[in-house]
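Student: Below is the sequence, then the predicted model.
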Amino acid sequence: MNLGFYNILLAQFLSALADNALLFAAIALLHEMNAPNWHTPLLLQFFVISYIVLAPFVGSFADAYPKGRVMFVSNAIKGVGSVAMLLGMQPLYAYGIVGIGAAAYSPAKYGILTEYLPPNMLVKANGWMEGSTVAAIILGAILGGKLAADDPYHAMIVITALYIAAAGFNVYIPKLPIDHKLPKKNPFYMLSDFWHSFKALWQDTQGQVSV
């Protein structure tokens, strides 16, 4: 593994760390605001809904531009959501903005591995990526819970700094040639292409395991 791969790995780790820490900071902020109890379980739903709604489009977006740049822009969207929450936006909406960035980030972070590394290194690289993500989830919960217990606003400042640090590593991700750009940018074409790929995965035995 070379330096470029570790830049990708660190960017992903810091971004995922911030995502998960922000969830706990947002929960603490809702409690501080005396928000209704049903707002707390909705937080994660506002984050996840972006993955569902944007699924047919984020892959095409990631393929249309150099994936390092896509990761930078997506991370910037997450940072905007974090700052918006810090400045007083309703946490549900602000965390939803973070979800949009996360949805766009995911296909880029995995797609860049196939473009940057040879096939014989992909299993190892994916293992590192998944391992770092699991570590970020665990550490993010610990970090976010500890910081938010003291002061959720201070926690969000630290989390925003994590997004900025992740963006810094995004800048140094090697710029690779565009490899899978769709022939059309029409949203209906993207939906059709997504549906075709979805069916192809479910019709393939190994694809079913992946899904």
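Tutor: Alright, I've got the coordinates. Predicted model only: the values in this text are computed from it and were never measured. Numbers count the residues shown, from 1 in each chain.

Student: chain center to the helix or strand where Ala167 lies, what's the gap?
Tutor: Remark: Ala167 resides in helix 152-171, with elements defined by DSSP states H and E. Relative to its parent chain, helix 152-171 has a centroid offset of 14 Å by C-alpha atoms, centre = their mean, to the nearest Å.

Student: Please work out which residues outside the helix or strand just after that helix touch it.
Tutor: Later in the chain than helix 152-171, the nearest helix or strand by DSSP H and E is helix 187-203. Contacts with helix 187-203, where a contact means C-beta atoms under 8 Å, 6 or more residues apart in numbering, come from 55-57, 59-60, 182, 184, 207-208, 210-211. Just so you know, the C-beta spots here come from the backbone N, C-alpha and C atoms, and that holds for glycine as well.

Student: Okay, buried residues for helix 187-203 please.
Tutor: Going by neighbour count (16 or more other C-beta atoms under 10 Å), the buried part of helix 187-203 is 190, 193-194.

Student: for that helix, the distance to its chain's centre please.
Tutor: 22 Å.

Student: Switch the contacts of helix 187-203 over to CSV; also include pLDDT, distance to Leu143 and neighbour count.
Tutor: Converted to CSV, those look like this (pLDDT from 0 to 100; distance: C-beta to C-beta, whole Å; neighbours: other C-beta atoms under 10 Å):
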residue, pLDDT, distance to Leu143, neighbour count
Ala55, 84, 29, 15
Pro56, 86, 34, 18
Phe57, 87, 32, 17
Gly59, 84, 30, 22
Ser60, 82, 34, 19
Leu182, 70, 38, 14
Lys184, 73, 43, 11
Gly207, 73, 36, 14
Gln208, 78, 36, 10
Ser210, 71, 31, 7
Val211, 70, 32, 9
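
Student: Of those residues, which pair is most distant in space?
Tutor: Lys184 and Gln208 (28.3 Å; C-beta to C-beta).

Student: Report the residue spans of this structure with pLDDT below the cut-off.
Tutor: Low-confidence segments of the chain, defined by pLDDT under 70: 1, 179-181.

Student: Tell me which residue lies nearest the centroid of it.
Tutor: The chain has Ala102 as the residue nearest its centroid, 2.7 Å off, counting by C-alpha atoms, centre = their mean.

Student: which residues touch that one?
Tutor: 19, 47, 50-51, 74, 78 are the contacts of Ala102 under C-beta under 8 Å, 6+ apart.

Student: mind putting the residues you listed in a markdown table, neighbour count and distance to Val134 included?
Tutor: Listed next are the contacts of Ala102 as a markdown table, based on neighbours: other C-beta atoms under 10 Å; distance: C-beta to C-beta, whole Å:
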| residue | neighbour count | distance to Val134 |
| --- | --- | --- |
| Asp19 | 28 | 13 |
| Phe47 | 23 | 18 |
| Ser50 | 20 | 21 |
| Tyr51 | 15 | 18 |
| Ser74 | 27 | 20 |
| Lys78 | 28 | 19 |
